[in-house]
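Engineer: model this:
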Amino acid sequence: MTDHLTMSDREYFASVAARPGMFVGRPSFHALTAFITGYDEAARRLGAPGLRGLREWLVAYRGRDCNHAWPGQVLHIAIPGGWEDLWALAPDVEARAIEVLFDLLDRFLAVRDGSADLGTG
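Structural biologist: The predicted model follows:
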């Protein structure tokens, strides 16, 4: 078993992506973004950078801004045509949103940690 306390943020979120149900029960986009937001808040309270700059990075990656917080930015990237009901995403749409969420989070952390270049979507 891997010790989550010694993992980098990228490694930790890769482990969450691999087994999201272990962390949030029934995996959903909303449960996972709430979990990630909690992680960010706890990290910042403890003096770590958390996910500071994620929303701005997503706006740059997407190439445009709107009034949504970072989860909405992720949905705009994952579902470019938009969505009807934010709280009732179709299962295939939700699966895509979760996949894109963790891909974007990994890309952001790679850039933040200096191990990748900023790409655009």
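
Engineer: all contacts plus neighbour counts: C-alpha atoms, from now on.
Structural biologist: Will do.

Engineer: elements contacting the longest helix seen in the chain?
Structural biologist: As assigned by DSSP state H, the longest helix anywhere in the chain is helix 91-112. Where contact means 3 or more CA pairs under 8 Å, 6 or more residues apart in numbering; DSSP states H and E, helix 91-112 is packed against helix 9-18, helix 29-45, helix 54-62, helix 70-78.

Engineer: three-state assignment of the closest residue to Pro27 other than its chain neighbours?
Structural biologist: In this structure, Pro27 finds its nearest non-sequential neighbour in Gly21, 5.3 Å apart by CA to CA, 6 or more residues apart in numbering. Secondary structure, DSSP: H, G, I helix; E, B strand; the rest coil: Gly21 is helix.

Engineer: so Gly21 is in contact with Leu32, correct?
Structural biologist: No - with contact defined as CA atoms under 8 Å, Gly21 does not count as touching Leu32 (9.4 Å).

Engineer: these two: who's more crowded?
Structural biologist: Regarding Gly21 and Leu32, a neighbour count based on other CA atoms under 10 Å identifies Leu32 as having more, with 23 against 14.

Engineer: could you check the pLDDT of that one?
Structural biologist: What the model reports as pLDDT for Leu32 is 98.

Engineer: also Met22?
Structural biologist: Met22 is given a pLDDT of 94.

Engineer: which residues touch it?
Structural biologist: Taking CA atoms under 8 Å, 6 or more residues apart in numbering as the criterion, Met22 is in contact with Val16.

Engineer: cool, and Pro71?
Structural biologist: Thr33.

Engineer: before we move on, back to that, looking at the helices and strands packed on helix 91-112, spot the one closest to Phe102.
Structural biologist: helix 9-18 (6.3 Å; CA to CA).

Engineer: pull out the buried positions in that closest one.
Structural biologist: Neighbour-count burial for helix 9-18, counted by 16 or more other CA atoms under 10 Å, picks out Asp9, Arg10, Tyr12, Phe13, Ala14, Ser15, Val16, Ala17.

Engineer: which residues does stretch 78-90 contact?
Structural biologist: So stretch 78-90 is in contact with His30, Leu75, His76, Val93, Arg96, Ala97, Val100, Leu101, going by CA under 8 Å, 6+ apart.
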